[in-house]
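Trainee: Just need the structure, nothing else, for what follows:
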Amino acid sequence: MTSTTMTAQRPKAFLGVLFILGLAHLLNDMMQSLIAAIYPVIKEAHGFDFVQIGIITLTFQTAGSLLQPVVGLYTDKHPMPYSTAVAMVFTFAGVLGLAYSSSYALILVSAACIGIGSSIFHPEATRMARYASGGRQGLAQGIFQVGGQFGGALGPLLAALFIVPHGQSSLAWFALAALVAMALMIWTAGQHALIRQLAQSKANAAGSVEKLHRHAPATVAVGLVVLTLLMFSKNAYMESFRSFYTFYLIDRFGTSVQMSQIMLFVFLLASAAGALIGGIVGDRIGRYRIIWISVLGPLPLTLLLPYADLYWTVVLSILINLIMASAFASILIYAMELMPNRIGLIGGLFYGLNFGLAGIAAAILGGLADSIGIEAVYWLCSFLPLAGLLTWFLPRIEDTPRSKAK
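Mentor: I've put the predicted structure just below:
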């Protein structure tokens, strides 16, 4: 009777937490996306070249990647739900610093602060989303991811509407978002103990504790290597858009800065839809199939993109991002299934890889753009989805647990 009541109430309570986590993720990623969104503004104001732009991204992504596995590993043993609120302190300082930075060094420091905030936020928030999933991990990660993706899409739109007309200092207003996110994470942290207890009770009742070490070390190692390579290929292609799409549109089609920012918003908005669709469909057809579709599937579209006119560039860009963005939730859950007793470590590692690999790609692509031109970079990147063929080597791990659960 008590368990019946708890079961009836649990989905509503968990969904409430998931939506709050998604909203906090939206605010976090919106603030970090403002870094790339203001590149045209600061490039013109300070006379930066593409290498310097790429190094800003590398600094932010490096700071956002190095701490995440460490934080995740520590919180696996010592949960720190309030650390997500502390993360917003760093983000708050970084956004304010970026608004008033007058030198390249200060811009790098400010970008690093925002990266540190993200590195602390993601592992613990990922763990909370898994606990709140009620067994529907794809849906939970989809809601969490759609918040981050939509927040990332908002950055260019807000830059076009507010920052481009009013200048770099108008960034200071967006520091208020960090304060709102801080309040949300304080509330979520207060729910942590109850949700974790319910999730562990359900796991114990299902006997899943016995499965925590069910995969051989070689299987885990091969799986993580393949997933990392798939992440790199996906991130390298996506970073060509996040950091350089506006420049590509301006150079090739002569669009205005504001129009290019709006088009970047539309492109990134497709990421939000793709993340949610990928999570939900992954619950139904399996992560393995979703990874095949999302990494290799966009190849015909990416090969067409360098030859398209402005209209078809927009259409192809949206379709590519819609498909490609569906990969991350499935890659993350696949990794969690490889190491189910290291959720914080996996969350930190793969969000860290998401940041770090993207930063490396941005620096490389920036150098290539200076040497061979931005259009040639997009031609080279069009072949990156071929890396999806590596999915063939991914260990098949999900069928057995599902069949046992039934």
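Trainee: show me the contacts for Ala376.
Mentor: Ala376 makes contact with Leu368, according to C-beta atoms under 8 Å, 6 or more residues apart in numbering. In short, each C-beta sits where N, CA and C put it, glycine included.
Trainee: which SS class is it?
Mentor: helix (DSSP: H, G, I helix; E, B strand; the rest coil).
Trainee: Then Met80?
Mentor: Once three-state DSSP is applied, Met80 turns out coil.
Trainee: Excluding covalently adjacent residues, which one is nearest to it?
Mentor: Once flanking residues are discounted, Met80 sits nearest to Glu124: 6.2 Å by C-beta to C-beta, 6 or more residues apart in numbering.
Trainee: The helix or strand where that neighbour lies - what's its average pLDDT?
Mentor: Take DSSP states H and E as the rule and Glu124 turns out to sit in helix 104-131. The average pLDDT within helix 104-131 is 86.
Trainee: name the helices or strands packed onto it?
Mentor: With contacts taken as 3 or more C-beta pairs under 8 Å, 6 or more residues apart in numbering; DSSP states H and E, helix 104-131 sits against helix 2-37, helix 50-77, helix 83-100, helix 137-158, helix 175-205, helix 343-372.
Trainee: at 6 Å instead, please
Mentor: helix 2-37, helix 50-77, helix 83-100, helix 175-205, helix 343-372 (3 or more C-beta pairs under 6 Å, 6 or more residues apart in numbering; DSSP states H and E).
Trainee: what's the angle from it to helix 83-100?
Mentor: Between helix 104-131 and helix 83-100, the angle comes out at 150 degrees (axes from the mean of the first three to the mean of the last three C-alpha atoms, to 10 degrees).
Trainee: The helices and strands packed on helix 104-131: which one's closest to Ala325?
Mentor: Relative to Ala325, the nearest member of the helices and strands packed on helix 104-131 by C-beta to C-beta is helix 343-372, separated by 11.8 Å.
Trainee: Show me the helices in the stretch 251-400 of the chain, by range?
Mentor: Taking DSSP state H, counting those that start in this stretch as the criterion, the stretch 251-400 of the chain carries its helices at 257-285, 287-296, 299-304, 310-324, 327-338, 343-372, 374-381, 399-405.
Trainee: that older thread, now the helices and strands packed on helix 104-131 as CSV including distance to Val315 and mean pLDDT?
Mentor: Formatted as CSV, the helices and strands packed on helix 104-131 follow (distance: least, C-beta to C-beta, whole Å; pLDDT from 0 to 100):
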stretch, distance to Val315, mean pLDDT
helix 2-37, 22, 71
helix 50-77, 27, 79
helix 83-100, 33, 90
helix 175-205, 31, 77
helix 343-372, 23, 76
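Trainee: Looking at these, which is nearest to Phe244?
Mentor: Comparing the helices and strands packed on helix 104-131 against Phe244 with C-beta to C-beta, the closest turns out to be helix 343-372 (6.3 Å).
Trainee: same for the closest one, what does it pack against?
Mentor: helix 50-77, helix 104-131, helix 217-253, helix 327-338, helix 374-381.
Trainee: Can you point out the buried residues in it?
Mentor: Buried residues in helix 343-372, defined by neighbour count with 16 or more other C-beta atoms under 10 Å: 343-363, 365-366, 368-370.
Trainee: For that helix, what is the distance to the chain centroid?
Mentor: Between the centre of helix 343-372 and the centre of its host chain there is 11 Å, according to C-alpha atoms, centre = their mean, to the nearest Å.
Trainee: Repeat that for stretch 126-142.
Mentor: Worked out by C-alpha atoms, centre = their mean, stretch 126-142 lies 15 Å from the chain centre.
Trainee: Ends of it, what's the gap?
Mentor: Stretch 126-142 stretches 11 Å from its first residue to its last (C-alpha to C-alpha, to the nearest Å).
Trainee: my guess is Gly94 meets Ile114, correct?
Mentor: Yes. With contacts counted by C-beta atoms under 6 Å, Gly94 reaches Ile114, the gap being 3.6 Å.
Trainee: sorry, back to before: nearest to Asp29 among the helices and strands packed on helix 343-372 would be which one?
Mentor: Nearest of those to Asp29, taken as C-beta to C-beta: helix 104-131 at 7.9 Å.
Trainee: Buried deepest among the helices and strands packed on helix 343-372, which one?
Mentor: Among the helices and strands packed on helix 343-372, helix 327-338 has the highest mean neighbour count (mean count of other C-beta atoms under 10 Å), at a mean of 26.
Trainee: So which residues make contact with that one?
Mentor: With contact meaning C-beta atoms under 6 Å, 6 or more residues apart in numbering, helix 327-338 is reached by 137, 141-142, 145, 215, 220, 223, 227, 234, 275, 278-279, 282, 287, 290-291, 294-295, 343, 346, 350, 397.
Trainee: again, only using 7 Å
Mentor: 130, 137-138, 141-142, 145, 215, 220, 223-224, 227, 230-231, 234, 275, 278-279, 282, 287, 290-291, 294-295, 343, 346, 350, 397-398 (C-beta atoms under 7 Å, 6 or more residues apart in numbering).
Trainee: picking up where we left off before, check contacts around the residue nearest to Met80.
Mentor: Thr75, Met80, Pro81, Ser83, Thr84.
Trainee: Tell me how far it lies from Val71.
Mentor: Per C-beta to C-beta, to the nearest Å, Glu124 is found 7 Å from Val71.
Trainee: OK, contacts around the closest residue to Leu157 other than its chain neighbours?
Mentor: Among residues not flanking Leu157 along the chain, Phe265 sits closest, at 3.8 Å (C-beta to C-beta, 6+ apart). Counting by C-beta under 7 Å, 6+ apart, Phe265 touches Ala153, Pro156, Leu157.
Trainee: Repeat that for Gln145.
Mentor: Ala275, Gly279, Phe328, Ala329.
Trainee: swap in Leu349?
Mentor: Leu349 neighbours (C-beta under 7 Å, 6+ apart): Gln68, Pro69, Gly72.
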